[in-house]
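Engineer: Predicted coordinates and the sequence they were generated for:
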Amino acid sequence: MIYEKPAVQSWGNVGKFFRLFLRKHFMPRRNPADDWRVQKLRNSIDNDPARVHWNPDQVCEELGLRMSGRQAHRLFKACTGVGFKQYAKKKCLDSAAQQLLTTDTPIKTIAVDAGYRHLSTFTRYFLKQFGLNPTEFRRISRLKNVAAQSEAGERRSWTIA
């Protein structure tokens, strides 16, 4: 029997050593956006975006998620890149903008439907997201619609003649 010298491998520094072994346990899921709990939270927000001011613990309890509000917030942010309340506020403002475009409902009513108690708070957040206050947003969108309709009418008159 021939004696062979044992092979010694260098693991580099301590950080590389720990990354080699700990990576297996702390690897994120393949696609964290597919997490069923995040999908459940998203669906809840999408169905009723005015629930922004709810307590995350209460939302988790109502949805049957066995996790704390803090855990839900961390998971939601890791999967979507934004926090639970930020996502809900964005959805509220998006639905308010859609109402401004499609209806003649007073802005104050739209603000209340979006979950805001005060028109000034609604206006501030709307301005932050869209760069226009709700009144300007509605006015400009109507001007664009009128311009588009008149342009379409001119095209029709050119094609008919």
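Structural biologist: That came through fine. Predicted model, so just to flag it, every value in this text is computed and none were measured. Numbering: from 1, shown residues only.

Engineer: for this structure, what helix or strand is lowest in average pLDDT?
Structural biologist: When the helices and strands of the chain are scored by mean pLDDT, DSSP states H and E, helix 14-26 comes last with a mean of 60.

Engineer: can you pull the buried residues of the helix or strand that that one is followed by?
Structural biologist: Per DSSP states H and E, the first helix or strand lying C-terminal to helix 14-26 is helix 36-47. Neighbour-count burial for helix 36-47, counted by 16 or more other Cβ atoms under 10 Å, picks out Arg37, Val38, Lys40, Leu41, Arg42, Ser44, Ile45. From N, CA and C alone the C-beta is placed, and that goes for glycine too.

Engineer: Using the three-state scheme, assign Asp104.
Structural biologist: With DSSP: H, G, I helix; E, B strand; the rest coil as the basis, Asp104 sits in coil.

Engineer: which phi and psi does it have?
Structural biologist: In terms of degrees, to the nearest 10, the main-chain angles of Asp104 are phi -110, psi 20.

Engineer: Tally up the residues packed near it, please.
Structural biologist: Look at Asp104: counted by other Cβ atoms under 10 Å, it has 8 neighbours.

Engineer: circling back: tell me the one of the buried residues of helix 36-47 nearest Phe126?
Structural biologist: Among these, Ile45 lies closest to Phe126 (Cβ to Cβ), at 18.1 Å.

Engineer: so how far is Gln149 from the nearest residue to that closest one once chain neighbours are set aside?
Structural biologist: Distances taken as Cβ to Cβ, 6 or more residues apart in numbering place Ala88 nearest to Ile45, at 4.8 Å, with adjacent residues excluded. Shown here: Ala88 relative to Gln149, a distance of 35 Å by Cβ to Cβ, to the nearest Å.

Engineer: Nearest the geometric middle of the chain, what residue?
Structural biologist: Nearest to the geometric centre of the chain sits Tyr87, at 3.5 Å (Cα atoms, centre = their mean).

Engineer: With that, I have no additional questions.
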